[in-house]
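> Structure, please.
(one chain, ligands or ions: 1)
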Amino acid sequence: MTDVKSVPLTGVDADVAAGVAQFLSPVVLDLQALAVDGKQAHWHVRGTNFQAVHELLDLVVQHAQDYADLAAERVVALGLPVDARIQTVAAKTTTPALEQGFQQSDQTIAQVIAQIDAALVTVRTAVEELNELDQVSQDVAIEIARGLDKDRWFLFAHLAA
Ligand SMILES: [Fe+2]
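Next comes the predicted model:
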């Protein structure tokens, strides 16, 4: 009989797990903030291209939620908790505040791009720092960076030249 109490919490070294949590947790917080503010932007955007931007912002929200899930579950898979409670997200996100109320779409897009850019700084730091520490976790950060770059492009392409 296998002694279930002897099953280790995780297959990786505790120091590696702690390092991964250190660099992926801020990614989770920025993406959760992007998801909340992306919805705010989705609800309040106005302009002649309303329909397209309104729908695109919902896609940005969905992606932010998916990427947050990916990063958070990587940390949890290594045996450590993530603190992404709403108060923690609000206190620690690096994303700039969104203006309240209705906005013309160029304004909305510029502000959401600024949030994505802030999140990308956090994600790219994770990519760099995780290179030496754990390349499997680095791959998570790389996937998120690639996705955010693409969402940024889709948003930017809607701006008037
Ligand atoms: Fe909606």
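
> Quick check: nearest residue in space to Phe23, chain neighbours excluded?
Closest residue to Phe23 apart from its sequence neighbours, by CB to CB, 6 or more residues apart in numbering: Ala126 at 4.2 Å. Where you see a C-beta, it was placed from the backbone N, CA and C, and this is true even at glycine.

> Okay, the residue nearest the centre of the chain and Ala114: tell me how far apart.
Nearest to the mean C-alpha position of the chain, counting by CA atoms, centre = their mean, stands Leu31 at 2.5 Å. From Leu31 across to Ala114, the span is 15 Å (CB to CB, to the nearest Å).

> next one: Val123
Taking CB to CB, one finds Val123 at 15 Å from Ala114.

> Then Thr48?
22 Å.

> who has more neighbours, those two?
Per other CB atoms under 10 Å, whichever of Thr48 and Ala114 has more neighbours is Ala114, with 14 against 9.

> does that one count as helix, strand or coil?
What DSSP: H, G, I helix; E, B strand; the rest coil gives for Ala114 is helix.

> Go through the lengthiest helix in the chain and flag the buried ones.
The helix that spans the most residues within the chain, counting by DSSP state H, is helix 14-44. If you call a residue buried by 16 or more other CB atoms under 10 Å, then helix 14-44 has these buried ones: 16-17, 19-21, 23-42, 44.
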